[in-house]
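Trainee: Have a look at this fold, sequence not included:
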């Protein structure tokens, strides 16, 4: 099977090509209009955890936050793929307590943590992770609260046929401005349904988040007020969304509220940039959404591409972008700390 | 940058394409004639640790094995990317002692081990890996013995300009039947020079190993006798070449001397199949060499492709191939042990 492929990155060892990576990029405005891109901006993409803000929106629209007193930090954890640091696990457990749920109600499983530091601690203490330790435990705690808020059984809240997931599916399609049947669903790593739709619709979702964040709250529709609250929750609590050493946290810290960013498993990324930060490289006005999918799932390449897009489009200041240098130009060192090669980013934005 | 790409594997989540992977395959005979392939069989490829048998040959041709009493198990470790299990580390240290070298003479560095089980032990005991723990410590111990055998200083044995590496370069070109200047060199993860040449020449190297293993020792040239000894050393000590849970070890155990196989970092693989095992799917006679490179460096995909090649070419029995089922058809499970998708192998052998 042969196919025309958009090569976005080449990894050299010395002067020899070691690996190449294919990727797709979509850049759109808050109306979903394509501003630029690379590869196939309409590639049907499993958004994985990059879909969490839309899943959180569905939870919010059940009234679960008000009913159970869930705050903005809880909302940030609902949008997180966290490190399983103590602050993340403790908050997930507190969220469960607020809605009267038990940890045993969670239908996500424990797993080795994303954080290498946490991993070492768990091994040293013979700790076996429980469901609240899942990097998605905030999303699941939110889903449990939402199931209760709509008066449905909490049991099997994760199954596609549960009324809560039917509500999530409608919300997802609605906020992405897609017909319900235009989204395909599969099973995520954490056991919830996960949506697949064109990459540029993921960019549009994030443009909407950033657009809503720029609206006057008093004039905003309930939907836009909810989207603005998600934007503020994530950008105000970047360490809850991922954790120490993680790209999402570093990115949102560097840009201090100017953009929201979230990774999905298998190298998917989405950014929503507020209108105030829209660079002169993109004609027109308003918020901007960016989405990237690396075809082979390589995270190192993903983060390098995202940083390079920020640079090419001149988003933020050079100082802000330089705070991400370790992700933008990761050093390829061997076991004697000798530099063995480099990554060349070969995509264009057209 | 757009390029025609040979898609060898598609990973589905549910019915949605999550990732795709590009790969190149070369299948040749012991004269280097192309039998079949996929993608670009002449792709210039960094062989990485798949080049170790040729590096071991260069060491052997200095007379180092006889001079320092290095045996076949030591030779297997020279060809290894080992797990850093106790047996590997102890043998590396014993090899150093035989040639009068110290661990501090090694120019490879310690690193987290390939084996997850060993990794856990090291973390639990606060163990900091030393150079003898490097997965390449056998190769480095062999290089130190070889430097001494040719009467050169052991210091800086790893640098491209050291006389030993000049000898390795000539041997590599010679055994691959390439002009010296047709091989490009870069720096490996373990700090030694690492060669890059067309993938089908890597397949040819392994066909030569398997071909030599089928010759009558008394009639064989010194070069062929050395190649046959490398083949026997690796296939007689599959656990030294990698270790528990590793593909190379499982493959060579399953095929019990019928083939030799070795992985290189960033998803490169080579197999040499003895003439006696040549399947009817390949017309002609004699030993066969197979080499594979996954363009993005994905190991899971690499092993699945290698197993599928064995199946497509009907190499070995169904029972032998079934012993590799966990590598051929790895289960894609989420954190609740629910199967989320599958890998479809889309390459053809033409």
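Mentor: On my side now, so go ahead. Small disclaimer: the values here were computed from a predicted structure and weren't measured. Residues are numbered from 1 along each chain as shown, chains lettered A, B, ... in the order given.
Trainee: Does residue A:290 touch residue A:268 like I think?
Mentor: No - counting by CB atoms under 8 Å, residue A:290 stays clear of residue A:268, with 11.7 Å between them. All C-beta atoms are positioned from the backbone trio N, CA, C, and that covers glycine.
Trainee: measure the closest residue to residue A:238 other than its chain neighbours to chain B for me?
Mentor: Counting by CB to CB, 6 or more residues apart in numbering or on different chains, residue A:238 lies nearest to residue A:252, which is 3.7 Å off, once chain neighbours are set aside. Computed as CB to the nearest CB, to the nearest Å, the residue A:252 to chain B distance reads 26 Å.
Trainee: And residue A:255, by the same measure?
Mentor: Applying CB to the nearest CB to residue A:255 and chain B gives a distance of 29 Å.
Trainee: check contacts around the residue nearest to residue A:238.
Mentor: A:234-235, A:238, A:241, A:259-261 (CB atoms under 8 Å, 6 or more residues apart in numbering or on different chains).
Trainee: Quick check: residue A:110 vs residue B:339, distance?
Mentor: Here the criterion is CB to CB, to the nearest Å. By it, residue A:110 lies 18 Å from residue B:339.
Trainee: more crowded one of the two?
Mentor: Ranked by neighbour count (other CB atoms under 10 Å in any protein chain shown), residue A:110 and residue B:339 place residue A:110 first, with 19 against 10.
Trainee: Just list the residues touching that one, thanks.
Mentor: Residue A:110 sits next to A:128-131, A:133-134, B:335 when contact means CB under 8 Å, 6+ apart.
Trainee: Let's see the ChimeraX selection covering just the buried ones among these.
Mentor: Only the buried entries of the contacts of residue A:110 go into this ChimeraX selection, using 16 or more other CB atoms under 10 Å in any protein chain shown:
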select /A:129,131,133,134 /B:335
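Trainee: which element is residue A:263 on?
Mentor: Using DSSP states H and E, residue A:263 maps to strand A:259-264.
Trainee: For the stretch 1-150 of chain A, list the residues in contact with chain B, please.
Mentor: For the stretch 1-150 of chain A, the residues in contact with chain B (CB under 8 Å from any CB of the partner chain) are A:1-8, A:11, A:13-22, A:44, A:46, A:107-111, A:120, A:123-124, A:134.
Trainee: Kindly report the same for the stretch 151-300 of chain A.
Mentor: Near chain B, when you scan the stretch 151-300 of chain A using CB under 8 Å from any CB, you find A:184-191, A:194, A:196, A:266, A:295-298.
Trainee: Out of the residues you listed, grab the one that's most surrounded.
Mentor: Of these, with other CB under 10 Å as the count, residue A:295 tops at 29 neighbours.
Trainee: Just to check, that residue is in contact with residue B:19?
Mentor: Yes - assessed by CB under 8 Å, residue A:295 is found in contact with residue B:19 at 6.3 Å.
Trainee: Please, where are all the helices along chain A?
Mentor: If DSSP state H is used as the criterion, the helices of chain A fall at A:52-60, A:64-68, A:72-78, A:86-98, A:116-124, A:137-149, A:163-175, A:199-213, A:222-236, A:238-241, A:247-255, A:299-312, A:318-322, A:325-328.
Trainee: how about low-confidence regions in chain A?
Mentor: By pLDDT under 70, chain A has no low-scoring segment.
Trainee: Just give me the longest strand of it.
Mentor: Counting by DSSP state E, the longest strand found in chain A is strand A:16-29.
Trainee: Strand partners (parallel or antiparallel) of that strand?
Mentor: As defined by DSSP bridges, the strand partners of strand A:16-29 come to strand A:2-13 (antiparallel), strand A:34-38 (antiparallel), strand A:288-294 (antiparallel).
Trainee: any chance of the ones you listed in CSV, with mean neighbour count too?
Mentor: CSV is the format used below for the strands paired with strand A:16-29 (neighbours: other CB atoms under 10 Å in any protein chain shown):
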stretch, mean neighbour count
strand A:2-13, 20
strand A:34-38, 20
strand A:288-294, 29
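Trainee: Out of these, which gets nearest to residue B:161?
Mentor: Nearest to residue B:161, of all those, is strand A:2-13, at 18.8 Å by CB to CB.
Trainee: Next, the angle from that closest one to helix A:299-312.
Mentor: 90 degrees (axes from the mean of the first three to the mean of the last three CA atoms, to 10 degrees).
Trainee: so what's the residue in the stretch 251-350 of chain A positioned nearest to chain B closest to, chain neighbours aside?
Mentor: Proximity of the stretch 251-350 of chain A to chain B (CB to the nearest CB) peaks at residue A:335, 3.4 Å away. Distance criterion CB to CB, 6+ apart; nearest residue to residue A:335, sequence neighbours excluded, is residue B:109 at 3.4 Å.
Trainee: which residues touch that neighbour?
Mentor: Here residue B:109 is in contact with A:334-337, B:131, B:134, B:190-191 (CB under 8 Å, 6+ apart).
Trainee: give me that answer again for 7 Å
Mentor: A:335-336, B:131, B:134, B:191 (CB atoms under 7 Å, 6 or more residues apart in numbering or on different chains).
Trainee: Over to residue A:266?
Mentor: Contact analysis of residue A:266 by CB under 7 Å, 6+ apart lists A:46, A:48, A:297, B:18-19.
Trainee: Nearest residue to it in space, please, no chain neighbours.
Mentor: Spatially, and ignoring its direct neighbours in sequence, residue A:266 is nearest to residue A:297 (3.9 Å; CB to CB, 6+ apart).
Trainee: Hmm, residue A:268 and that neighbour touching each other?
Mentor: No - contact criterion CB atoms under 7 Å: residue A:297 and residue A:268 do not qualify, at 8.8 Å.
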